[in-house]
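Trainee: task: produce atomic coordinates for the following.
(one chain, ligands or ions: 2)
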Amino acid sequence: MKPEYKLAPSILAADFAKLADELAKLKNAEADYVHIDVMDGMFVPNISIGIPVVRSIRQYSDMFFDVHLMIEEPIRYIERFAKAGADGITVHVEACSDMDKTIDEIEKAGVKPAICLSPDTPYESVIPYLDRVYMVLVMSVYPGYGGQELIESTLVKAKAIRQYINEHNLNVDIEMDGGIKLSNLEHVLDNGVNVIVAGTGVFKGELYENVKNFKNAFASYKNI
Ligand code: DX5
Ligand code: ZN
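Mentor: Ligands and ions are numbered 1, 2, ... in the order given. Next comes the predicted model:
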């Protein structure tokens, strides 16, 4: 059965001085999610945006906010990101001392829970939670920066997770994040990924053209 393919442009690569305009462009271009990269300078060696920015852009967009928390112990901030307007919250297995409690907190806040693993983390680390999340985010770069090259070994993990999902009849999306371009998209989809995060691949150059190209590639991709 062919999964639904979705494009989640990462606003980390957008012009932060014009975020409302950039979000309007994503909506007009019919992107599926807004991928919001939150970084705390502790879990990753970079600081990006936080709760006030999510709250303010929420007023300018009705798109699905796919909030990727690259922060230590995200359980501390779930409620505030939910109140600010997150629709889905993705937490790193490496950053949570109690993943079940963190997922409980996301559910309690009325937001969709997702889990994420960095390139060096074995895929088995997410298996115990697959029946509790709507999506697994497999990082294809080390979290912290946009514009990096996709790490090939992460595709093997995505394929293994997709196999487990299929074998257990679970309904879980697999999102991949980092270094994805039109040139390697088919290879990524071949490994069971169905939600594509692209930062520079969408915001560098002509946004509408870039989104259209990704969406056309989804439409013409063979059945798997
Ligand atoms: C990296 C972020 C990614 C990144 C993707 O930590 O999680 O979402 O912004 O950017 P590109 O698509 O440019 O690699
Ligand atoms: Zn991300």
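
Trainee: taking the chain, what residue is nearest to ligand 2?
Mentor: For the chain, the residue closest to ligand 2 is residue 68, as judged by CB to the ion, at 3.8 Å. For glycine as for every other residue, the C-beta is placed from the backbone atoms N, C-alpha and C.

Trainee: what's the neighbour count on the residue found closest to that residue once you drop the neighbours it is linked to in the chain?
Mentor: In space, residue 68 comes closest to residue 90 once its chain neighbours are excluded; the distance is 4.8 Å by CB to CB, 6 or more residues apart in numbering. Close neighbours of residue 90, defined as other CB atoms under 10 Å, add up to 27.

Trainee: check whether residue 90 really touches residue 138, as I assumed.
Mentor: No: at 11.0 Å, residue 90 does not count as touching residue 138 under the criterion of CB atoms under 8 Å.

Trainee: overlap in contacts, these two.
Mentor: Common neighbours of residue 90 and residue 138 (criterion: CB atoms under 8 Å, 6 or more residues apart in numbering): 116, 175.

Trainee: ok, residue 34 - contacts?
Mentor: 8, 9, 11, 23, 26, 57, 61, 63, 64, 65, 66.

Trainee: so it bridges to which residues?
Mentor: Note on residue 34: beta-bridge partners residue 65, judged by DSSP bridges.

Trainee: from residue 180, how far off is it?
Mentor: In this view, residue 34 and residue 180 are 16 Å apart by CB to CB, to the nearest Å.
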